[in-house]
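Visitor: output the structure for:
(one chain, ligands or ions: 1)
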Amino acid sequence: MKIDALPFALEWDPATTALIVIDMQRDFIEPGGFGATLGNDVTLLQAIVPATARLIAGCRAAGIPVIHTRECHRPDLSDCPPAKRLRGSPSLRIGDAGPMGRVLIAGEPGAEILPELAPVPGEKVIDKPGKGAFYATDLGTHLAGLGIRTLIFAGVTTEVCVQTTMREANDRGFDCLLAEDATESYFPAFKTAAIEMIRAQGAIVGWTAPVATILAAVAPIDA
Ligand code: C5J
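Guide: From the prediction side, this is the model:
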């Protein structure tokens, strides 16, 4: 089968494809969360929630595994390098008490996935201490166990955790497809640049396509 993606059609098999939804967490997206407290315009990220929900629903209906990630750390911060913690805003660092509990700490309200996009029972949720979802997690082992070869990506932010994970996946031999309207950045120019980088030089990192195009391929009869 083919998806009408850029820079050229992507050959794929739904039986060996998974959807990875990156870091759709309350602290990054909801008003009053960590991201908003740092002065970011979270309405940009909120705008992709409906398209992301449609993508998740379409993949679930087609039997494509949905994997969710959360950027978060252990409460004792033993998996948070000081070099990471000391960057960002000095007034609100990882582990500090933020508006939705301790910032980016597993189990805190802000680290949870938005209720609209919440995992259903049986879906894999990966807590990741890095920007890339393969680093220090069992994602690679999990995908190998499922026999996955193609990854569809959604989530935030495009140029940080999404692109980092796509690059990790690309280096591991996966074909990677980014859902253009189910990913966003606090900086629109960074999203545009990331999408161009991904599909440059003959899909050097991967492919991109709108959610509607992906869903038309995932469920051609219903689309
Ligand atoms: C993610 C970040 N999820 N921007 N984190 O992209 O720090």
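Visitor: which one's the longest strand in the protein?
Guide: Longest strand of the chain, by residue count under DSSP state E: strand 175-184.
Visitor: that strand packs against which elements?
Guide: Applying 3 or more Cβ pairs under 8 Å, 6 or more residues apart in numbering; DSSP states H and E, we find strand 175-184 packed against strand 10-11, helix 49-62, strand 150-156, helix 163-171, helix 188-203, strand 207-209, helix 211-218. Where C-beta positions appear, they are placed from N, C-alpha and C, glycine not excepted.
Visitor: how does it look with 6 Å?
Guide: helix 49-62, strand 150-156, helix 163-171, strand 207-209, helix 211-218 (3 or more Cβ pairs under 6 Å, 6 or more residues apart in numbering; DSSP states H and E).
Visitor: which of the ones you listed sits closest to residue 34?
Guide: Closest to residue 34 of the helices and strands packed on strand 175-184 is strand 150-156 (Cβ to Cβ; 12.4 Å).
Visitor: in its sheet, what does the closest one sit against?
Guide: Strand 150-156 pairs in its sheet with strand 17-22 (parallel), strand 175-184 (parallel), by DSSP bridges.
Visitor: next, the buried residues of that strand.
Guide: 150-156 (16 or more other Cβ atoms under 10 Å).
Visitor: that one vs the ligand: in contact?
Guide: Yes: using Cβ under 6 Å from any ligand atom, a contact is recorded between strand 150-156 and the ligand, made by residue 156.
Visitor: got the CA positions of that strand in PDB?
Guide: Below are the C-alpha coordinates for strand 150-156, written out as PDB (Å, rounded to 0.1, in the frame of the first residue of the first chain):
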ATOM      1  CA  THR A 150       6.900   1.900   9.800                       C
ATOM      2  CA  LEU A 151       6.100   4.600  12.400                       C
ATOM      3  CA  ILE A 152       3.500   7.300  12.200                       C
ATOM      4  CA  PHE A 153       4.300  10.300  14.500                       C
ATOM      5  CA  ALA A 154       2.100  12.900  16.200                       C
ATOM      6  CA  GLY A 155       2.700  15.100  19.200                       C
ATOM      7  CA  VAL A 156       4.700  17.900  20.600                       C
END
